[in-house]
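Trainee: Need coordinates for the below:
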Amino acid sequence: MGKGGIENRVEQLKGDLNPFYARLRLGGLYDSRVGSSTNGVDIGSDTGFATTLSAGWQAPIEGAFGFRTDYGGYASFYQDFNEYDVIDQSISLEPQYTKGQLTYSLPVAYGYALEDNKTDYVKYTVSPTLTYLIPQTNQAVAFYGIGAIIDDRDHSAYDEDAKTAGAGCAYILFFKDVSTIRLSLDYQHSKYDEAVLGYEPTSTSTDKRTDDNLVAGLDIQYQLTNFFGIYTNYSFIHSTSNVDLYEYNRHLVEAGIAFKY
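Mentor: Below is the predicted model:
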C-alpha cells in the first residue's frame with residue numbers, strides 16, 4: 001500500500017512495459033522478536049524462511065486517468081516457533097490521476113491474515129498517495145496516508161479490533177539494469193477495543209490499548225538478468241504502547257533470490 005507501484009510506474013514511462021507484472025522472492029529470514037505483534041507474547045529471536053509474491057496489472061497510460069490492481073502475498077515459516085508462522089494476503093484497487101510528473105492515486109485494499117494456519121484478522125485499508133517522478137532521472141518519491149480497520153478473528157481472549165491512522169514516505173532509485181534501492185519510513189497510530197486491564201490484570205486502567213509504530217525500511221534488489229536477481233531488505237520497528245507487552249524494538253532481515261516478469 002502507498003509505496004507500492006512506484007517501480008511499475010517509473011518503468012511504464014519508458015514505454016516498453018508489459019501491463020502485467022509478477023515478482024517472486026524466496027529467502028532466509030531473521031526476526032529479533034518473534035511474536036511481538038502476535039498474541040502479545042515476546043518469545044525471542046528466530047530464523048526461518050520467507051516468501052513474497054506480488055502480481056498485478058497497470059492500465060496503459062493514455063491520458064490523465066489510470067487504474068491498477070495488485071495482489072500481494074507474504075508467508076514466513078520459523079525454525080523454532082512455527083506457531084507464529086504467518087500467511088498474509090491482500091488485493092488492492094487503485095484509481096490514478098496524472099498531471100505532469102505527479103500522480104495522485106487512491107489504493108483501497110482488503111487483507112486476510114493467517115497465523116499457524118488459523119484466521120488471525122481481516123484488514124481494510126485506504127492509502128491516498130502522491131507520487132513524484134524526478135525529471136530526467138530514474139528516481140521517484142511517494143508520500144501517502146494510511147487509514148485502516150482491523151477486524152480481529154483469532155478467537156483469543158483479547159478483543160483486538162482496531163482502527164489505524166498514519167502516514168509514510170518512500171524513495172526509490174533505479175539503475176540501468178532495473179536494479180533498485182528503496183528507502184521508506186512509516187508512522188502508524190492504532191487504537192484497540194481491548195482495555196489495558198485486559199492485558200495487565202494488576203492494572204486498574206480502563207483506557208483502550210493504543211500503539212504507536214515507527215517503521216524504517218531499506219530494500220535492495222540487484223538484477224543479474226532481466227528476470228532473475230538477488231535481494232536483501234531490512235526493517236526496523238519501534239513500538240510504544242500503554243501496554244508493556246507492546247513496548248519493543250524489532251529487527252527483521254531477509255535475503256535471497258528474486259524472479260521478475
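Trainee: Now do the same contact list for the residue nearest to Arg33 when sequence neighbours are not counted.
Mentor: Leaving aside its sequence neighbours, Arg33 sits nearest to Arg250 (Cβ to Cβ, 6 or more residues apart in numbering; 4.4 Å). To be clear about C-beta, it is placed using only N, CA and C from the backbone, and glycine gets the same treatment. Arg250 makes contact with 31-33, 36, 236-237, 239 under the criterion Cβ atoms under 8 Å, 6 or more residues apart in numbering.
Trainee: Return the subset of the residues you listed lying in strands.
Mentor: The strands, defined by DSSP state E, take in 31, 236-237, 239 from the contacts of Arg250.
Trainee: The residue nearest to Arg33 is in what secondary structure piece?
Mentor: strand 248-260 (DSSP states H and E).
Trainee: Indicate each strand paired with that strand and its parallel or antiparallel sense.
Mentor: With DSSP bridges as the test, strand 248-260 is paired with strand 20-31 (antiparallel), strand 228-241 (antiparallel).
Trainee: how about the helices in the stretch 51-200 of the chain?
Mentor: Remark: helices assigned in the stretch 51-200 of the chain by DSSP state H, counting those that start in this stretch are 196-199.
Trainee: Where do the strands of it begin and end?
Mentor: All strands of the stretch 51-200 of the chain, identified by DSSP state E, counting those that start in this stretch, fall at 65-78, 86-99, 102-105, 108-115, 118-126, 129-133, 139-152, 162-174, 180-195.
Trainee: So for Val215, which of those sits nearest?
Mentor: The closest of these to Val215 is strand 180-195. By Cβ to Cβ, the value is 4.5 Å.
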